[in-house]
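Student: Need coordinates for the below:
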Amino acid sequence: MEEKNERLWILTTPDKCSGCRLCEIACSLEHEGVIWPEASRIRIYELLPGVNVPHTCVQCPDYPCVESCNFDALSVDEVTGAVLVKEDNCTECGACVLTCPGNIPRIPAGKGSVVICDLCGGEPKCVEVCHEAGHDALTLVKGDYRSIYRTFAKDPLKKSVELARKLFGEEFMG
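Tutor: Below you'll find the predicted structure:
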């Protein structure tokens, strides 16, 4: 990796998300070899009809999930800066889930380990399929984002409320 601050991450633009969930399909096919949205490393949350929020790991610069793992199941890729999961070491204890500011890591039933975005080695399939579909709600970016990453590392329900207020007005949702 060139510089510690120069990281890859996926910028999400919820306003452009159609809710098609092609990103979830592409991700699960890439990582699991089957269409299994529950094991996708990206999720689309739809709190209200038409309010779709793509949600994935923003590769926090302090990596709270990696720091919280007591079983050496999580590490950081030296090239992309993405979180990597060593499935054999994961005990599904949930420490990483609890420490993540965006509630990103998930433990799908039957998987046997946590799932977190690994950026597909620097070429995320979710970004590719979103672009091919003409939505561009997902963009792979590179750069120093330490000052803004908490803007994106939020609970998806909070993001949904913010988008609903943007779309329907401040008085919406109390």
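
Student: OK, contacts around Tyr63?
Tutor: With contact taken as Cβ atoms under 8 Å, 6 or more residues apart in numbering, Tyr63 is in contact with 74, 76, 83. (Glycine included, C-beta is placed from N, CA and C.)

Student: What distance do you get for it to Cys57?
Tutor: Distance of Tyr63 to Cys57, computed by Cβ to Cβ, to the nearest Å: 10 Å.

Student: what residues are shared contacts of these two?
Tutor: Common contact partners of Tyr63 and Cys57 (Cβ under 8 Å, 6+ apart): Val83.

Student: Just to check, Gly122 is in contact with Glu78?
Tutor: No - between Gly122 and Glu78 there is no contact under Cβ atoms under 8 Å: 11.6 Å.

Student: So those two - more neighbours on which side?
Tutor: Neighbour tally, Gly122 and Glu78, criterion other Cβ atoms under 10 Å: the higher count belongs to Gly122, 14 against 9.

Student: Next, the contact list for the more buried one, please.
Tutor: Applying Cβ under 8 Å, 6+ apart to Gly122 gives the contacts 8, 79-80.

Student: List phi and psi for Leu47.
Tutor: phi -70, psi -40 (degrees, to the nearest 10).

Student: Could you report the neighbour count for it?
Tutor: For Leu47, using other Cβ under 10 Å, the count is 16.

Student: isn't it right up against Lys158?
Tutor: No - if you go by Cβ under 8 Å, Leu47 and Lys158 don't touch, sitting 9.9 Å apart.

Student: Out of the contacts of Tyr63, which end up buried?
Tutor: By neighbour count, with 16 or more other Cβ atoms under 10 Å, the contacts of Tyr63 hold 74, 83 as buried.
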